[in-house]
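Student: The sequence and its predicted three-dimensional model are supplied below.
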Amino acid sequence: MSKIYKYFSNDVIELVFQKEGFCGVKCSLPQDYNDPYELFLGMDLNTPADQLAFYNDIISGIPQSPTTCFSKSPIVSPMWAHYANNHTGFVLEFDLDKLQEHFKGNPIWDVTYRDAPSEHLQPILQRAAVLKKPRHSYALQEYVFVESYFAKYDDWKYEQECRFVDIKKVSEKVAGNDILYIPCDLVTSIIIGSKYSKENINLTKEIAKKYELTWYELVIGKSHPKPYIKNESGDVFTFSQSDILIAPHTCDSCSEPLVAESDLCPWCCITEAHKDDAARSNPFRMLSSMGQLDSYMKAMSKIRK
């Protein structure tokens, strides 16, 4: 069962679940994308000016369909920082197969990331611009549609994005925004951020209970290389490739997931003896005890300048 994820800021949870039995997600038009170069990504700018003009005229006819973006991972730290207000927001997990079935005819496709124009576009454009046949212009517009909606520069690769494009006009206008209402039985879990407001946590649990969602909390650990997840019972999970899975090994002391099979994580392996030895061997402590730490730090600061 494939899953995809949507990141939200902390102030919209009641709006998202405002319509009974549905989860409302906001859509944007291509002209409002974060990356202003997306419509021109597929084009080699060494193309002759007359063909560029033809291309520009063709893309002006591409419909501006409401689009909403998902990620294939719930633990992308830049996404938590940007779209979920520095880990204070939440993520919803969706069943991709059910989404595709429910919204049949609307593409929900992975975004392709590249660092150079598509090698396939140039011959399609040349054929359309030179021969000026409607069928070639149609083929060009079809190709550019996919490029404009489902291709981005490599700089955005960390997002692991897939997109829903509303070509069947199933979204609704609400207060000037295009909202896609997704039945709640297509939502499988809610993951709150590591800095989610404590006073609002109960609301997320109530929503999870009402719609039979699995409730998770994101955790930023000290030893595990990526964020991990806990459920209400305190069970520890990690995200691996495409699934949220129970962590096979956890620290006996702090419960963080372990990269290698062991009883304790590296930090919990530190004993009082280790701490005492570290304190005795710390040269800054020695300088401080002699009243020379401040002067030493100032002198070193001048040298570095």
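Tutor: Noted; the coordinates are in hand.

Student: Contacts only, for residue 150.
Tutor: The neighbours of residue 150, taking CB atoms under 8 Å, 6 or more residues apart in numbering as the test, are 107, 109-112, 163. Any C-beta I mention is one placed from the backbone N, CA and C, and that applies to glycine too.

Student: any idea how far residue 290 is from residue 165?
Tutor: 69 Å (CB to CB, to the nearest Å).

Student: the more surrounded of the two?
Tutor: Per other CB atoms under 10 Å, whichever of residue 165 and residue 290 has more neighbours is residue 165, with 21 against 9.

Student: and that one, backbone torsions?
Tutor: When read as degrees, to the nearest 10, the backbone of residue 165 gives phi -110, psi 120.

Student: Show me what it is bridged to.
Tutor: residue 67 (DSSP bridges).

Student: who touches it in this structure?
Tutor: 65-67, 106-107, 109, 149.

Student: Just the buried residues from those, in PyMOL please.
Tutor: Those of the contacts of residue 165 that count as buried under 16 or more other CB atoms under 10 Å are selected in PyMOL with:
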select buried, resi 65+66+67+106+107+149
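
Student: low pLDDT regions in the stretch 101-250 of the chain?
Tutor: For the stretch 101-250 of the chain, no stretch has pLDDT under 70.

Student: which stretches of it form helices?
Tutor: For the stretch 101-250 of the chain, the helices defined by DSSP state H, counting those that start in this stretch cover 121-131, 134-150, 201-210.

Student: Please identify which of the ones you listed is closest to residue 255.
Tutor: For residue 255, the closest of the helices of the stretch 101-250 of the chain is helix 201-210, at 19.0 Å, according to CB to CB.

Student: CA atoms of the closest one as PDB?
Tutor: The C-alpha trace of helix 201-210 is given here as PDB (Å, rounded to 0.1, in the frame of the first residue of the first chain):
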ATOM      1  CA  ILE A 201      -2.200  18.100  21.000                       C
ATOM      2  CA  ASN A 202      -5.500  16.800  22.400                       C
ATOM      3  CA  LEU A 203      -7.400  18.300  19.400                       C
ATOM      4  CA  THR A 204      -5.100  16.200  17.000                       C
ATOM      5  CA  LYS A 205      -5.800  13.100  19.100                       C
ATOM      6  CA  GLU A 206      -9.600  13.800  19.000                       C
ATOM      7  CA  ILE A 207      -9.400  14.100  15.200                       C
ATOM      8  CA  ALA A 208      -7.400  10.900  14.900                       C
ATOM      9  CA  LYS A 209      -9.900   9.100  17.000                       C
ATOM     10  CA  LYS A 210     -12.900  10.400  15.100                       C
END
